[in-house]
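Q: What follows is a protein structure lacking sequence information:
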């Protein structure tokens, strides 16, 4: 067990090296001059340019830039953004917001998805099942930004149930709509996965045997159908964390939330290597740790799985 | 002894399934009575309606199945007329079930003890800590050693036999008066089967539980039951005292069933013809001017060791086969008999050249097959030895038509033109007695027996000399099994084939084999002619295996 955890954590080293190198290469290949972007329309003197390039290592080839970044990151120094703020400070401010958003989204998709999927599976072919099928298909088919703007327009602008944008007040109520938007697509997948899994388990031999032993329907459904059906769902939720992270970039953009996704988005637009790469590193770390936790949870749910 | 009040009385039972608004009749007009303490067996092949009947009693018919007519009276109360909720209260507490497949009938996510405890708690027998104690008693009662520790383990840590014992403990936990045992041992090895059935006999006798035994095995039914009910296509064709039916069957179907039951057979299939075939096969070889070796294959000191991950970073050795020696004589059948884990399939894979032996050699016509190198020579060897596997449902590609399946080896080995290949497929279908019209069908449209015929045709496509039949008839109903054995025998005569016949079922061996190797834990424990194995088994293990064949002591008339 511990050997497995150590091995998994060691695996993150090449993952982080690869991911940051890739980002450095991508930003390097991106057209446009970050220093021009920084000064906007104003002309930049050669002296200032040289000084800035030296400060941000922009005069080095990108491989060296990458190595210098790694050197700093090892001791927790992610450098300074072009606007002069330490990147670690930026991440420290934005990460909790995104955490809150992603957590809410995951709760929404997991709880609602499992409940709806369970009932759809139990009532296969009935009205609820058919409705859910149509709803989930629709949600999956519509891109997240259309969904986001659509819901923002309806609930934020027209009904005014929630503020259309979040801004700096990241309270629970303000984040509900963005969390729903973020979790909606995955909700559809969780629903369908649970439904299929429930239908499969309903006809399992051991479920019939439990009924033959005199276990009541509701107990059989909870203990033997639902629990067994959750295993593939948990696996999906782990992998889905990546989708939530990617989705956070778009969702935070739509609702103007000062999360890490928005930070990354702005940094990419400005070609700010240190910020982009630092954010990616943090995201990769979170993803790796979260998927490790899910795999361990998986073993807790299914005793047949043992890690060695 | 048998009490004269009926415990279960089924009258004129009709069970239908609704398929596309049509009614399909699964059971028609079944009558059945089980007295207190009595064991009644329903015998029939798959699809005869025997399991459907069992499920109707406990109101667990799958899908659209429903009782269309008739009554199921338990202690005088008609269960069909009862409200669903009341009907369900009989489950577990009055009528227990021991299901068919021990591997799939325990929930993999819960400890074995917890699953038995559940039965105690939902039926209000005992609760809490007392229930834990009772679980251990029940597991001990079911013959599970070390019950205290075992109760805390998960199903995947149990062997098949242990799981079935746990299921028996669960089925009897709430002390029902009637136990439905639905093929309780057909997934188990014969010796385990015997132990479990013996134990179940003792247990139900002691507790005075009546048993409704569902089985396809006539020998087993006759040995275990007082009363037999023979079902065929949803109808009872014959019922009566077990011995009476066996010795004096009235219905045509019962007669066929008794004739086909391998466990009741003492005769070998047309052995004289096979000797003639063997001789003609030898002549055929000499005409070709090849070496006149009588043994087409020689297996010498065959050993296979698998490395398994052990504790920490060590590896432990698993000796799957150890020092196996035998010769396969041209035109004869050598049977490899053993229970699961005995290493028989490992030997088969090495003989086929699919696995390399750790030690020892496989000679095919005097050539060590490990020295056959290069694609061309390998292909030449492969076409001379072909496998037929156990499960005809899994070994045919569902997306391939029957024509595609049989043609595939011809295509792979680039044999003949398109029309020649089609000609060959037709010829092969004739050889395995399938109509040409089967060519355009898909595996799911064929029965198990038909599929196995296709698998045999496919194996024969390249005109091999040797067939390795790995449990080739084990998944089939007795009547179909008898047909396939007959077919294999005919083909051997016709084509001079040599068979390596791998099976766990000693009863089948009697019908097809000339020589027998009995394997246990990777070693050959006895090696003799089939006659000798059956008439004078030298080793205790072989004797145990023979004794475990159900119904072999029952005297048949004529």
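A: Received it, and whenever you're ready, just let me know what you need. Because the structure is predicted, anything quoted here is derived from the model rather than measured. Numbering: from 1, shown residues only, chains lettered A, B, ... in the order given.
Q: Residues of the stretch 101-250 of chain A that sit close to chain B?
A: Within the stretch 101-250 of chain A, the positions adjacent to chain B are A:203-217, A:219, A:223-224, A:227-228 by CB under 8 Å from any CB of the partner chain. All C-beta spots, glycine's among them, are computed from the backbone N, C-alpha and C.
Q: Now which of those residues would you call buried?
A: A:204-215, A:223-224, A:227-228 (16 or more other CB atoms under 10 Å in any protein chain shown).
Q: and which of the residues you listed is nearest chain B?
A: Within these, distances to chain B taken as CB to the nearest CB reach their minimum at residue A:214, with 2.5 Å.
Q: That closest one against residue B:95, yeah?
A: No - counting by CB atoms under 8 Å, no contact exists between residue A:214 and residue B:95, whose distance comes to 9.1 Å.
Q: Quick check: buried residues in the helix or strand harbouring residue A:227?
A: Residue A:227 belongs to helix A:227-254 when elements are defined using DSSP states H and E. When burial is assessed from 16+ other CB under 10 Å, helix A:227-254 yields the following buried residues: A:227-231, A:233-238, A:240-241, A:243-245, A:247-254.
Q: Show the pLDDT at the closest residue to residue B:355 other than its chain neighbours.
A: Closest residue in space to residue B:355, ignoring its immediate chain neighbours: residue B:349 at 4.3 Å, by CB to CB, 6 or more residues apart in numbering or on different chains. Predicted confidence (pLDDT) for residue B:349: 90.
Q: For the strand or helix carrying residue B:349, name the packing helices and strands.
A: For residue B:349, the enclosing helix or strand under DSSP H and E is helix B:344-351. Using 3 or more CB pairs under 8 Å, 6 or more residues apart in numbering or on different chains; DSSP states H and E as the contact criterion, the neighbours of helix B:344-351 among helices and strands are strand B:295-309, strand B:315-329, strand B:333-337, strand B:466-470, strand B:498-503.
Q: Give me the contacts around it.
A: Contacts of helix B:344-351 from elsewhere in the structure, counted by CB atoms under 8 Å, 6 or more residues apart in numbering or on different chains, are B:297, B:299, B:302, B:304, B:320-321, B:324, B:336-338, B:355-357, B:362, B:385, B:387, B:468, B:470, B:500, B:502, B:519, B:522.
Q: PyMOL command to pick out the buried ones of those?
A: Below is the selection syntax for PyMOL that covers the buried ones among the contacts of helix B:344-351, with 16+ other CB under 10 Å defining burial:
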select buried, chain B and resi 297+299+302+304+320+321+324+336+337+338+355+357+362+385+387+468+470+500+502+519+522
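Q: Name the residue of the stretch 51-200 of chain B that lies nearest to chain A.
A: Residue nearest to chain A within the stretch 51-200 of chain B: residue B:92 (2.5 Å; CB to the nearest CB).
Q: my guess is that residue contacts residue B:175, does it?
A: No - using CB under 8 Å, residue B:92 and residue B:175 do not qualify as a contacting pair, with a distance of 9.9 Å.
Q: Name the residue in the two with the higher neighbour count.
A: residue B:92 (28 against 14; other CB atoms under 10 Å in any protein chain shown).
Q: Contacts only, for the more buried one.
A: When contacts are counted by CB under 8 Å, 6+ apart, residue B:92 is found next to A:212-215, B:119, B:122-123, B:173-174, B:176.
Q: which residue sits closest to it, ignoring its sequence neighbours?
A: What sits nearest to residue B:92 in space, not counting adjacent residues and going by CB to CB, 6+ apart, is residue A:214, at 2.5 Å.
Q: now do residue B:11
A: Leaving aside its sequence neighbours, residue B:11 is closest to residue B:71 (5.0 Å, by CB to CB, 6+ apart).
Q: Packing partners of the host helix or strand of that neighbour?
A: Applying DSSP H and E as the criterion places residue B:71 in strand B:66-74. Strand B:66-74 is packed against strand B:6-19, strand B:22-35, helix B:50-57, with contacts defined by 3+ CB pairs under 8 Å, 6+ apart.
Q: ok, now with 7 Å
A: Packing contacts for strand B:66-74, counted by 3 or more CB pairs under 7 Å, 6 or more residues apart in numbering or on different chains; DSSP states H and E, involve strand B:6-19, helix B:50-57.
Q: The very next helix or strand once past that strand pairs with which strands, parallel or anti?
A: Tracing the chain C-terminally past strand B:66-74 and defining elements by DSSP H and E, one meets strand B:77-78 next. Strand B:77-78 pairs in its sheet with strand B:66-74 (antiparallel), by DSSP bridges.
Q: and the residue lying closest to residue B:346 once chain neighbours are set aside, what is it in contact with?
A: What sits nearest to residue B:346 in space, not counting adjacent residues and going by CB to CB, 6+ apart, is residue B:320, at 4.2 Å. By CB atoms under 7 Å, 6 or more residues apart in numbering or on different chains, the residues touching residue B:320 are B:304, B:306, B:343, B:346, B:522.
Q: what do you get if the cut-off is 8 Å, keeping everything else the same?
A: The neighbours of residue B:320, taking CB under 8 Å, 6+ apart as the test, are B:304-306, B:343, B:346, B:522.
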